[in-house]
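Q: have a look; sequence and predicted model below, questions after that.
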Amino acid sequence: MSGPLLKVKNLVKHYPLRSGIMKKDLPVVRAVENVSFSVEAGETLCIVGESGCGKSTIARLLMRLVDPTEGRVLLDGTDIGSLRKDELRAWRRRMQMVFQDPYSSLNPRLTAGQIITEPVENFERLSRKQREALAAELLQQVGLAPEIMHRLPSELSGGQRQRLGIARALSLKPSIIIADEAVSALDVSVQAQILNLLMDLQEELGIAFVFISHDLGVVEHIGDRVAVMYLGRIVELATCESLFAKPVHPYTEALIAAAPIPDPTRARLEVPIDGEVPSPVRPPQGCAFHPRCSLAEERCRTEIPPLVLMQDGRGVACHVRAPARQVTIL
Amino acid sequence: MLVLAGGGLLMLLVVLAVAAPLYAGDPEALDPFIRLQPPSGEHWLGTDNLGRDVLARTIYGARISLIVGLMSAFLAAIAGLTIGIIAGYLRSFDNLIMRVMDALMSIPTFLLAIALISLTGPGIGILIFAVALPETPSVSRLVRSVVLSVRERPYVQAAICGGARLPKVMLRHILPSTFAALMVQSATVCASAIMTEAGLSFLGVGVPPEIPSWGNMIASSRLYLATAPLTVLAPGVFLAITVLAVNLLGDGLRDLFDPRSRSR
Amino acid sequence: MQVQEITGDDVLLDVRNLETHFFSEGSVTRAVGGVSFQVRKGETLGVVGESGCGKSVTSLSILRLLPKLTARTVGGEVRFRGRDLLKLSEGEMRKIRGDKIAMIFQDPMTSLNPVYTVGRQIAEAVEIHTGASRTEALAKAEEMLRLVRIADPERRVKNYPHEMSGGMRQRAMIAMALACSPELLIADEPTTALDVTIQAQILRLIVDLKERTGTAVMFITHDLGVVAETCQRVIVMYAGRIVEQASAVDLFARPMHPYTKALMRSVPDRRRGKERRLPEIPGIVPSLREAVIGCSFAPRCPRATKVCREKTPVLEEQGQDHAVACWHAHEVVSA
């Protein structure tokens, strides 16, 4: 197979603030603006950013739970936006999702076994025996005892529930899993268990991950490459190592500096940037980060910086740190 | 507690009504020689203006009230559920459907029923339909609002991601969440339908006059209120008790399903 | 050797053997099972632990803000400047709350009243506790908003909570909490709902204000990084008990309790180099509905022995201002 597993091209999503049929110029929330990236088979691409940066919208766009305003999502070269309903169903087998909240993402009325075998039963008929065998196999795969297949989600702990969510995603043997803040709601000790499970599964089954998170520590641990988003756009896209070793975009820099370090001797309580993320309804002109950026120049206020390819292979969208004239545009 | 009280009372009424032929007299037997008699050993609640046994007629009248009440509640629930789910889930139909429901809601119940019945002539079937129709919008609005909130829950999104077809998403993941609200609303519809039936029968556009119904009885006996009060009181009291039972059941169900109101 | 008690004027809050239980149909949850600690004047004490460890219930017990129908403090003392808060009348307690001890919560939206302006809410707190007039109180509210570095305070006092961003609402909450110059500020996960860049701003603000006003802070959080950045002393809680207590520097340098060690190691940290697997803590937190025999961490502890499963360890001093509740404290530190 040639080319990346998943390719996202110029994805745009605007949500209208109010619904209406006739009016044309209603204000819109610019959730995702011109985002492009690709994911190779078996790798983990992380998407980080603060609330409102559009990372969760990307998850929904990838799963086609919402339709993009513009742009394309290609899985193995096939544009999933062009698929008919029944074709899309079949394609969904290849791309699955793990949700953030281990409580609301499981139907409270179904047993653990019913929840994790449902996706398979959407495509083929299973006898009772087959179903139980499948449930047992999936539960084992995520480190749960087969006995719990008859339990309801409310009888399980947060960590066990998140394992169920992962088992459900695995049931269709997908080649890529979108994990939207999949460990954010968990306690750190449980979070470590789930992160280890995800990494083991990746090694074993060669699944690619799009791992969406706001936690830089987690991202650095699990990611191969990282896309940093700010106000609907990717501002930096690099390998995990190079990004954390030497962030180029001023926002990436600030984000890394802002994360508290669990070492009191190095505590510095840095406040890397003042102010707050502007509203995605009326984003600033030019570079969206310029009102909070100490490097901002005249050009930053008027012109949106493109994501440009640097010498070391990373992409950066910044007029100051990555001037477009020197390098090729991604 | 309320569920037990309301449910018990309602069950008792249903048993009384169903078992009527086993113990009550003939509600339609005329005897012009014993008109408007006070209670006696033979006629426990006396007789009406045509000499018919008031007790027998009241008990048989419960059949009509309960059939009309329960059937219209059932009909309104099914129709409201279907419409509510379609409007809540298939958003392209939502605007159209809900405007039609608004229009339906703006027509007074009685006028709509009278208009329908005068087109077809009296009958239980058309009565049930006429009572259920104006109740449908309230049920469908409620179901729609539940569907709108449930469809955004991650487990519904997860089902779609898992390749579930639309009917499965609805039946397995959305529909069960609407039952609690639906049951409560149905009880309200049932009580209101019983009242509407009595009102229509009183006006003479409900069930045909020869069939005993509480509305019919009150209408035909109202002139004799002074001389034979039981002819009006008996169906009136039964009507009140039935509506009370249904309302108690509805309140009880609401408390049972909604933990917030239970903690009071 | 028992934990040394620091007495005298240095101690602001002295909690002894605090026990709080939750009651539900036929079962008792021992949310806080005998907790003793002190908050010294002007210090920042961190209380860390995972969900269900009893850290929030401890703070609610101190302020007597527990849900009345389901929870009750069944034992212990909470001495604030020598007075046992658990013995005060509801009226006396109301004077303590807000005036002497203030609290800020994780979600400022739920603790601010949506139908009044922010300025009016701060002013009201000032009026109640200082007896100031309405105009004085409103001026104070504006001054407080300036103190918490809200831009344009003249305009912001007239804002309703929904007109502010999450970070700004938390600033307003802090302004309200500090308006009456309390001696102790209890902050329960104040930055958990915020983005990292905003979290950094709020943490800085809390630390700066603490230094300026001399208010002691009890900082409740699940985030070890936040503790390291802000606190002088730290208490680690597990299953309703304190398992370790030390100065922040000491705790991070030489964690003694196996749980503290495991907790620190389960957070991804690049300074340890890129590990393939995170060290995880096997198993789950025990149910607090059953009485725990022995050490509550024993079922998950790699070092648990017979004595751990039979006898509950008490918090014992293991060095300068460093106390641990573990039968194998010395082995753990040398390992």
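A: Perfect, I can see it now.

Q: which elements pack onto the lengthiest helix in chain C?
A: Ranked by number of residues, the top helix in chain C under DSSP state H is helix C:196-213. Helix C:196-213 is packed against helix A:250-258, helix C:166-178, strand C:184-188, strand C:216-221, helix C:224-230, with contacts defined by 3 or more CB pairs under 8 Å, 6 or more residues apart in numbering or on different chains; DSSP states H and E. Bear in mind the C-beta positions are built from the backbone N, C-alpha and C, glycine included.

Q: any chance of these in a markdown table, with distance to residue C:248 too?
A: Listed next are those as a markdown table, based on distance: least, CB to CB, whole Å:
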| stretch | distance to residue C:248 |
| --- | --- |
| helix A:250-258 | 20 |
| helix C:166-178 | 22 |
| strand C:184-188 | 16 |
| strand C:216-221 | 11 |
| helix C:224-230 | 6 |
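
Q: export those as CSV, with columns for mean pLDDT and distance to residue C:60.
A: Below are these laid out as CSV (pLDDT from 0 to 100; distance: least, CB to CB, whole Å):
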stretch, mean pLDDT, distance to residue C:60
helix A:250-258, 92, 30
helix C:166-178, 90, 16
strand C:184-188, 94, 8
strand C:216-221, 95, 10
helix C:224-230, 92, 20
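
Q: need the ones you listed in TSV (columns: distance to residue B:257 and mean neighbour count).
A: Below are these laid out as TSV (distance: least, CB to CB, whole Å; neighbours: other CB atoms under 10 Å in any protein chain shown):
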stretch	distance to residue B:257	mean neighbour count
helix A:250-258	45	22
helix C:166-178	34	25
strand C:184-188	33	24
strand C:216-221	36	24
helix C:224-230	41	24
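
Q: residue A:51: which of those is closest?
A: helix C:166-178 (8.2 Å; CB to CB).

Q: which elements pack onto the closest one?
A: Applying 3+ CB pairs under 8 Å, 6+ apart, we find helix C:166-178 packed against strand C:101-104, helix C:108-111, helix C:118-130, helix C:134-147, helix C:196-213.

Q: so how far is that helix off the chain centroid?
A: Chain-centre distance of helix C:166-178: 17 Å, with CA atoms, centre = their mean, to the nearest Å.

Q: what of stretch B:214-232?
A: So, by CA atoms, centre = their mean, the centroid of stretch B:214-232 is 23 Å from its chain's centroid.

Q: how many other residues sit next to residue C:10?
A: Residue C:10: 11 surrounding residues under other CB atoms under 10 Å in any protein chain shown.

Q: state the distance from it to residue C:81.
A: 11 Å (CB to CB, to the nearest Å).

Q: the closest residue to chain B within the stretch 201-335 of chain C and chain A, how far apart?
A: Relative to chain B, the nearest point of the stretch 201-335 of chain C is residue C:289 (20.6 Å; CB to the nearest CB). Distance of residue C:289 to chain A, given as CB to the nearest CB, to the nearest Å: 14 Å.

Q: and that residue, what does it touch?
A: Contacts for residue C:289 were tallied using CB atoms under 8 Å, 6 or more residues apart in numbering or on different chains; they are C:27-30.

Q: residue A:16 now?
A: Listed by CB under 8 Å, 6+ apart, the contact set of residue A:16 reads A:26-29.
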